[in-house]
Every structure is written in structure tokens, then in C-alpha cells.
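Asker: using only what follows, build the 3D model:
(one chain, ligands or ions: 1)
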Amino acid sequence: MLEDIYERIVRIREEGCRECLKVVCRMDDFQFNQLMSRLELQIEITSRYSPPVRPALDPMISTELGVYRGDDENIGRLLGYPECCIRSFSENTRYAIDGEHLAEVSELDIPEGKCAIIMPSGFIPCSLRCQEAWERKLIGFADRDEFRRILELEDELRMRLPHFHLAYDEYFEKIVLE
Ligand SMILES: [Zn+2]
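Answerer: Have a look, this model is predicted:
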């Protein structure tokens, strides 16, 4: 949940910094408050759509937090990723949704009516069957209606939280099922 990320960031700021997320404490109040109100807006928009899994964190916030600059472990924990998935990502065994992930689709029990598997963009599970990732709602199924709303949510997020991180245009990873 985005709310959990919000709380973790606030806690880091209050408690002073652990090793690698010093950036959270180094920001001045103005910058920090701006970032948090952006996250509040993302939470507010997202809650109106109640998607089966949360969207990726706003790319501008991610950039400020250094999400794209390495330190996968601390960032992964901040984002609520399971340890097994953080490990497989940082050991570079699975750093993108790959053919193996797609092959795992056939090993899943797909409920009637579901047309896609959804994940927050940027989250790469150790396996599509990673139970911890399902429990934390980082992998989920969507039916047609949910899928349409996910696209609408992405549109609204793009419109109301503009950013210039062109490489990160999608908030959800979508694997469309046959
Ligand atoms: Zn995992």
C-alpha cells in the first residue's frame, strides 16, 4: 500500500537515518513537505480506484529518494518488497519481467474471468508464484473491469502528477492473459 510507504518515509525522517536513505533526512522541510503532499495526492487518487495491487510510487518521488540509483535493499524494504524478491533482483538473477516469468503464468491457478496479472511497475518478483508477493498484494489478478479502471487510474495519475521521467510512463506492469 502507498500509505505504508508514506508512513515508512515519515518514520525514517523522524528517527534519523539508517545507512542508505540519508536523502530522506537531508532534504529541507520545504522540499520534504512538497514531496509528501505529492504522495498524499497519489494516495488520494489511487484510493478512488481501489486497484487490486498498488501502483508504482510516483516517479518524481522515486527519483528524489534515489530509487533508480541502486541501494536495492533499503529501497526494496521501503517499497515493501519481500526479501526473496529483493535478493533475486539485487543478485541480478531477475531484474526484469522475463520469459521465465511469462512461463510461470501457466503454473498459476487463474480464477474464472481474470484477464491480466498486475504488478506495480518496477517490482520484479523472484517468481510469479512468490507467495509473499501475492500476500503483500504486489501481484494480483484483474478482470476486464478492474483492468479498465487500472488504465483510467494511470491516465489520471499521469495527468495530475506530471513528471519528466519519460522512461517511467506506466504505473503498473501488466501481463495480459490469453
Ligand atoms: Zn519473492
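Asker: which parts of stretch 131-139 are buried?
Answerer: Buried residues in stretch 131-139, defined by neighbour count with 16 or more other CB atoms under 10 Å: 133, 134, 136, 137, 138, 139. (Glycine included, C-beta is placed from N, CA and C.)
Asker: closest one to the ion out of those, please.
Answerer: Top of the list for closeness to the ion, among the buried residues of stretch 131-139 and by CB to the ion, is residue 133 at 5.2 Å.
Asker: quick one, what contacts that closest one?
Answerer: Contacts were defined as CB atoms under 8 Å, 6 or more residues apart in numbering; by that measure residue 133 touches 81, 82, 85, 123, 125, 126, 139.
Asker: how about the fifth one, nearest residue that isn't a chain neighbour?
Answerer: Taking CB to CB, 6 or more residues apart in numbering as the measure, residue 125 lies nearest to residue 133, with 4.6 Å between them; neighbours along the chain are not counted.
Asker: ok but the one you found is inside a helix, no?
Answerer: Yes. Using DSSP: H, G, I helix; E, B strand; the rest coil, the assignment for residue 133 is a helix.
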